[in-house]
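*Asks:* turn this into a structure:
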Amino acid sequence: MVLWTTRTSGMDTLDLEASNGMRTASTKLTPRVAFALLYTLVLALGVALGVRIIVDGYSPVPHSDLWGLFPFIERGLRGDFGLSDLWAQWNEHRFFLARIQFLVDYRFFEGTNIYLFVSVATSCLLLAGTFAAAVWFDARDWLLTLGTLAVAGTSALPLAGVENLTLAVQVQFVQVFLWATVSILSVVMATRSTVAFGSEAVNCARSDMARFERKPR
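*Replies:* This is a model prediction of the structure:
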């Protein structure tokens, strides 16, 4: 009977400690959850504001350089274009990917610029996601990653500049930042992977050499 009482008391003690531990963990998580909600709210407001700017400023009428690209677009819709046409210089720029997107918009969306504006918004969010991915690969902290996504997403959309969000022809300039950032992150990740692989190979070689030296002769 005494043994049963002691065991029960021990179990109660363990339950109490577990309960206190859960309560302590819950208390520690509360600030992180609060910041996560704040970051989510900031991101949602930023995206909503950016989309609102695009919708309010929407116009299917071509603007600026897009007028000058109409000869290419007309030939492209007939299938009369090649790699040199996509890579052709326009002022100081080369609109390789943008020219393809212009053809997609006029071929499948009747030149309404809807596809181009969706590409602009998507590119801004992907740019924010790239910054967030860089933070995640380095810190492995979901809250810090979410905070980066919120700040970068808000900066990339409504703060990208009214011109970039209201002129469809600006799609190439928005994507320049995206592809440049993706390229830099890819190089950094590839370099880290190479260094890690090299370190692992050196450690394996050292281990094999040490094992060989310990063998009796």
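*Asks:* confidence-wise, which helix or strand of the chain is lowest on average?
*Replies:* helix 2-56 (a mean of 70; mean pLDDT, DSSP states H and E).
*Asks:* check what contacts the next helix-or-strand element following that one and list those residues.
*Replies:* Counting by DSSP states H and E, the next helix or strand C-terminal to helix 2-56 is helix 65-68. The contact list for helix 65-68 (CB atoms under 8 Å, 6 or more residues apart in numbering) reads 90-91, 102, 168-169. From N, CA and C alone the C-beta is placed, and that goes for glycine too.
*Asks:* pLDDT-wise, what's the bottom of those residues?
*Replies:* Lowest pLDDT of the contacts of helix 65-68: Asn91, 73.
*Asks:* tell me the contacts of that residue?
*Replies:* Contacts of Asn91 were listed using CB under 8 Å, 6+ apart, and they are Asp65.
*Asks:* wait, which of the contacts of helix 65-68 is closest to Val47?
*Replies:* Nearest to Val47 out of the contacts of helix 65-68 is Ala168 (CB to CB; 19.2 Å).
*Asks:* hang on, the closest one packs against Val118?
*Replies:* No - counting by CB atoms under 8 Å, Ala168 stays clear of Val118, with 10.1 Å between them.
*Asks:* more crowded one of the two?
*Replies:* Ala168 (28 against 14; other CB atoms under 10 Å).
*Asks:* can you pull the contacts of that one?
*Replies:* Residues in contact with Ala168 (CB under 8 Å, 6+ apart) are 62-63, 66, 105, 113, 116-117, 120.
*Asks:* mind redoing it with 10 Å?
*Replies:* By CB atoms under 10 Å, 6 or more residues apart in numbering, the contact list for Ala168 reads 54, 58-64, 66, 98, 101-102, 105, 111-117, 119-120.
*Asks:* ditto for Leu157
*Replies:* Residues counted as contacts of Leu157 (CB under 10 Å, 6+ apart) are 43, 46-54, 120-121, 124-125, 127-128, 164-165.
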